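S.K.: just coords:
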């Protein structure tokens, strides 16, 4: 294929179907909206349903969106999610493993009660969903899997050993699945966000000392905005990234270099 064959259509997701777990709030809603703006129809499994705002935002993009209230950690839930999506849309082209939780506490207070739920949501559910999605993608020899990683896929992290462990784990899963699925034209990549201005970081951002400590570590000298992530997910979900595989795309304003 010559360079003349490249076009901006390589970034189009028109007619594609994407699953985004937890895609009705926070980073997940940013991912869902970006994929919808690129033309993809959305299937959004979530444990916490919103007041309909997410549906309105996504439908404004001229695509179809379906929601499913479900606990992704329940036995059989990942299989049910994938099969329900395929039954409704006829296919699954893109899987974004976004849903996650972060419980924080000191080392001596952080036990199995805190550890187990995070492993179940952040790592095991992502594995099971990927496993079930692969059953549909392999025969078609086509598919995109995108895992929400983190700076803590690279770093330690005081206050939550489980969060760092799951994010290191999801990075490893990304590379392992790439190694097995690339032969079927399936790309498996991760997005590693840095520090973003969301509800989860509101307390840190409102504390002058803590906020300054974060900003001093970011060459861009600002907190990330959700729109900063949206181009990354569209790129990894589209044809433009067909030779990008097993990669963690860090979107952190340069945090890791300082």
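M.R.: It's in. Only a predicted model underlies this, so the values are computations on that prediction, with no experimental measurement involved. Residues are numbered from 1 along each chain as shown.
S.K.: grab the nearest non-local neighbour of residue 30.
M.R.: residue 226 (4.0 Å; Cβ to Cβ, 6 or more residues apart in numbering). In short, each C-beta sits where N, CA and C put it, glycine included.
S.K.: need the contact list for that neighbour.
M.R.: By Cβ atoms under 8 Å, 6 or more residues apart in numbering, the residues touching residue 226 are 27, 29-30, 196, 198.
S.K.: and the helix or strand bottoming out on mean pLDDT in the chain, what's buried?
M.R.: Of all helical and strand segments in the chain, the minimum by mean pLDDT, DSSP states H and E falls on helix 202-206, at a mean of 91. By 16 or more other Cβ atoms under 10 Å, the buried positions in helix 202-206 come out as residue 205.
S.K.: give the next helix or strand downstream of it.
M.R.: Using DSSP states H and E, the next helix or strand after helix 202-206 towards the C-terminus is helix 208-215.
S.K.: what helices and strands are in contact with that following helix?
M.R.: helix 202-206 (3 or more Cβ pairs under 8 Å, 6 or more residues apart in numbering; DSSP states H and E).
S.K.: can I get the contacts of residue 226 in JSON lines with secondary structure and distance to residue 236?
M.R.: Shown next, in JSON lines, are the contacts of residue 226 (DSSP: H, G, I helix; E, B strand; the rest coil; distance: Cβ to Cβ, whole Å):
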{"residue": "27", "secondary structure": "helix", "distance to residue 236": "14"}
{"residue": "29", "secondary structure": "helix", "distance to residue 236": "17"}
{"residue": "30", "secondary structure": "helix", "distance to residue 236": "14"}
{"residue": "196", "secondary structure": "strand", "distance to residue 236": "18"}
{"residue": "198", "secondary structure": "coil", "distance to residue 236": "20"}
